[in-house]
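Visitor: Take a look and give me a structure for this.
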Amino acid sequence: MVITSSTSREGAITSSVIVDTANSDYAKLRSLALSAVTLKGGFWEPRLTQMREVTLRQQWDQCESTGRIDNFRRASGRKPGEFQGRYFNDSDVYKWLEAASYALAVEHDTSLEEVVDDLIQEIAAAQSPNGYLNTYFTFERESERWADLTNKHEMYCAGHFIQAAVAHNRATGKRGALEVAIRLADHLCVTFGPRARQGTDGHEEIELALVELYRATGNRRYLDQAVFFLDMRGLTPPLVGGLPYHQDHLPVRHQREVVGHAVRVTYLAIAMADVYFETGDIDLWEAVQAQWRSAYERKAYVTGGLGARWLGEAFGPDYELPNQRAYSETCAAIGGFMWNWRMLLVTGEPRYADWMETALYNGILSGLSLNGREYFYQNPLADDGAHRRQPWFGTACCPPNVARLLLSLPGYLYSTSQDALWVHHYAAGELRFSSGNHSGVLSVKTEYPWDGRITLTLVSYQGAAGESTLHLRVPGWCSSPRVTINGAALVGSEPGTYAAVRREWKAGDVVEIDLPMTVRHVRSHPFVASNYGRIALARGPLVYCLEGVDHPDVDLRDIRVPATTDFHAEQDPDVLGGVYVVRGRAYTRGPVEWGGQLYAWGQPSRSSEEVVMERTLSLAAVPYFAWANREPGQMQVWIRDEQTS
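Guide: Prediction:
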């Protein structure tokens, strides 16, 4: 089952990959094209259909109504008026363009293609003759270009356009946006470099974009420029303010802890991994591995969210993971997902895919409402009912970021290595593959993440004789997995591994995976003070939470969960579009009487110690990603256990 490229529905070879590792000597795995995968039914097809038909159009309308598109018309001289919005507003348009390109890679849409083509023409018309592109610095601000690299996001915006242009070229074969991106990148290479000006952007993004442009064009100068921008951090004297907030406190190869603005950290780590793919710079690789351990062994939320602090949208110290005050920006979870994808491509280690899955089904999916029209910027793990999704933001980085991640999801499901196919994430649909003497169709049937049973059928297969391997991820959360091939059990299917099925494949082969989804009690490291004496509930890859609407007249802070509670899950068609609800018995417990006092002084008396079991109740927990889609009320992920007073 050797697979190195893919075919579109029309049969033409395409290259709509997300991260192109085809020519890397340092990546174990190779990406597959979005167009190789068709999602059919199950959990994801209706959601991505909604993304294309509802979310993309809603976001386009927002970009139009808030003046983001008019900024390009103004810059080209096609429309008068003032610049509208924040100085980095161009980046929201570029992320939308990237999302739309992924949609076009998977399914032809004439009306969407026309909008995209018109947008690219507007962007091209706004580009300066020397290649510069940023609508904020047009006309009256032209003299301010590159004057405030630390704060003004010029390279950040440029990076998002370059990524979008590469995605569009790979999806459609058209070169209009790519030519604009090349001119922009060439301008950067002339303006900054060892023989030109020193400097880099306060918000990472340009680095990883230039690496992908190098992969798309083969022009080495873009890879060298990405390395140059990485090396501009942590200099003495500093060029980006010298602060951890901008990851400018140390040279990148010496950075071992994730600090500062969480989204920026993830984009920096992505760029470091991307450069390692292409150069084998072992110092960068060792640094990015240490940063990963810092993030995911000591600073990540159970939802896959990153960034504990509202101040600076930043990481705190180890184990600082407050719940109601959690910032956990949607963009940071997306950055973490993309970072883990790079780590997975380098190593093939399942822990990275596990964290991708955790972020996807919890910290990312929570950023989008069930109707596809509203968004979270922050994703707290407890709330009093005040935090609600919004249709847009003044700083609207998260909505189009959600769109570009989810619409590119087919490209993250599978990858290949020498004579092997790797299945990282389970989604109902088909994979079409073609390479040399090997071609065929692999069908996947599953209701994952609601049900852990997955059936993979090799519907058709033509290929030369010889064995090849199918690697199937067994999630770390599953305690008793079972894998069979044509009914025979596979030995060595352990949690947190890839089960390897090696054989001579033929049409009709069936692999069945059973990942029992029992309800699990999750506990934090004891240093996470916010979760002392608390548990979270999880089932499969989904983290669950309590909502006040399901527990009327109860303060969720008073709920206690007995250790003996036998939780079970059942699908409820009347709850949040038919989610699986986790149910079990719990009770509320609180002090008899505090008499309006906040503190009790001196030795505790019996009256202040005494507690009373107020009442038992039927606890109903819903998936965290679906909270705040009903009437406002309390929400809580971490619940006090029976032993907590």
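
Visitor: Can you list the low-confidence ranges for the stretch 401-550 of the chain?
Guide: Counting by pLDDT under 70, the stretch 401-550 of the chain shows low-confidence ranges at 435-437.

Visitor: Would you map the strands across it?
Guide: 414-417, 420-423, 429-435, 438-446, 453-462, 468-474, 482-485, 488-489, 497-503, 510-514, 519-522, 534-539, 542-547 (DSSP state E, counting those that start in this stretch).

Visitor: if we compare those, which one ends up closest to residue 265?
Guide: Residue 265 sits nearest to strand 542-547 of all those, at 22.5 Å, using CB to CB. Quick note: C-beta positions are derived from backbone N, CA and C, even for glycine.

Visitor: Just checking: what are the partner strands of the very next helix or strand once past that closest one?
Guide: Moving toward the C-terminus from strand 542-547, the next helix or strand (DSSP states H and E) is strand 559-561. Here strand 559-561 is paired, per DSSP bridges, with strand 580-591 (antiparallel), strand 639-641 (parallel).

Visitor: Least reliable of the ones you listed by average pLDDT, please.
Guide: The minimum mean pLDDT among the strands paired with strand 559-561 belongs to strand 580-591 (a mean of 88).

Visitor: got the contact list for it?
Guide: With contact meaning CB atoms under 8 Å, 6 or more residues apart in numbering, strand 580-591 is reached by 450, 519, 537, 539, 542, 544, 554-555, 558-562, 565-572, 575, 608, 610-623, 639.

Visitor: again with stretch 204-213
Guide: Stretch 204-213 is contacted from outside by 19-20, 155-156, 158-160, 162-163, 166, 181-182, 185, 188, 200, 219, 222-223, 225-226, 229-230, 247, 264, 267-268, 270-271, 274-275, 277-278, using CB under 8 Å, 6+ apart.

Visitor: coming back round to it: including distance to residue 312 and mean neighbour count, could the strands paired with strand 559-561 go into CSV?
Guide: CSV is the format used below for these (distance: least, CB to CB, whole Å; neighbours: other CB atoms under 10 Å):
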stretch, distance to residue 312, mean neighbour count
strand 580-591, 35, 19
strand 639-641, 30, 21
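
Visitor: In JSON lines, list the ones you listed along with distance to residue 320.
Guide: Formatted as JSON lines, the strands paired with strand 559-561 follow (distance: least, CB to CB, whole Å):
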{"stretch": "strand 580-591", "distance to residue 320": "28"}
{"stretch": "strand 639-641", "distance to residue 320": "20"}
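
Visitor: wait, which of these is closest to residue 347?
Guide: strand 580-591 (32.5 Å).

Visitor: Report the angle between that closest one and strand 534-539.
Guide: Relative orientation of strand 580-591 and strand 534-539, computed by axes from the mean of the first three to the mean of the last three CA atoms, to 10 degrees: 170 degrees.

Visitor: show me where the stretch 101-250 of the chain has helices.
Guide: Assigned by DSSP state H, counting those that start in this stretch, the stretch 101-250 of the chain shows helices spanning 110-126, 154-172, 176-191, 206-217, 220-231.

Visitor: of all these, which lies closest to residue 402?
Guide: That would be helix 154-172 among the helices of the stretch 101-250 of the chain, by CB to CB, at 14.5 Å.

Visitor: and that closest one, average pLDDT?
Guide: Here the average pLDDT along helix 154-172 is 98.

Visitor: Assign a three-state SS to the residue nearest the centre of the chain, would you?
Guide: Nearest to the mean C-alpha position of the chain, counting by CA atoms, centre = their mean, stands residue 334 at 2.6 Å. When classified by DSSP: H, G, I helix; E, B strand; the rest coil, residue 334 comes out as helix.

Visitor: contacting residues for it?
Guide: 359, 364, 401, 402, 405.

Visitor: same thing with residue 404?
Guide: When contacts are counted by CB under 8 Å, 6+ apart, residue 404 touches 95, 96, 98, 99, 102.

Visitor: now it, nearest residue through space, not along the chain?
Guide: With CB to CB, 6 or more residues apart in numbering as the criterion, residue 404 has its nearest non-adjacent residue at 3.9 Å, and that residue is residue 99.

Visitor: Tell me if I am right that that neighbour is in a helix.
Guide: Yes - according to three-state DSSP, residue 99 belongs to a helix.

Visitor: Please report the number of neighbouring residues for it.
Guide: Using other CB atoms under 10 Å, residue 99 has 27 neighbouring residues.

Visitor: Check residue 487 too.
Guide: Residue 487 has 7 neighbouring residues, counting by other CB under 10 Å.

Visitor: For the helices of the stretch 101-250 of the chain, please prepare TSV with the additional fields mean neighbour count and distance to residue 580.
Guide: Shown next, in TSV, are the helices of the stretch 101-250 of the chain (neighbours: other CB atoms under 10 Å; distance: least, CB to CB, whole Å):
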stretch	mean neighbour count	distance to residue 580
helix 110-126	17	33
helix 154-172	27	34
helix 176-191	20	42
helix 206-217	25	37
helix 220-231	20	44
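
Visitor: mind checking which of these is nearest residue 492?
Guide: With CB to CB, the closest approach to residue 492 among the helices of the stretch 101-250 of the chain belongs to helix 206-217: 35.2 Å.

Visitor: chain center to the closest one: distance?
Guide: 20 Å (CA atoms, centre = their mean, to the nearest Å).

Visitor: about what we covered before: show me which of the contacts of residue 404 is closest to residue 413.
Guide: Nearest to residue 413 out of those is residue 102 (CB to CB; 13.4 Å).

Visitor: Can you tell me how far that closest one is from residue 451?
Guide: Note on residue 102: its distance to residue 451, by CB to CB, to the nearest Å, is 27 Å.

Visitor: Ranking the strands of the stretch 401-550 of the chain by mean neighbour count, which comes first?
Guide: Of all those, strand 542-547 has the most neighbours on average by mean count of other CB atoms under 10 Å, namely a mean of 27.
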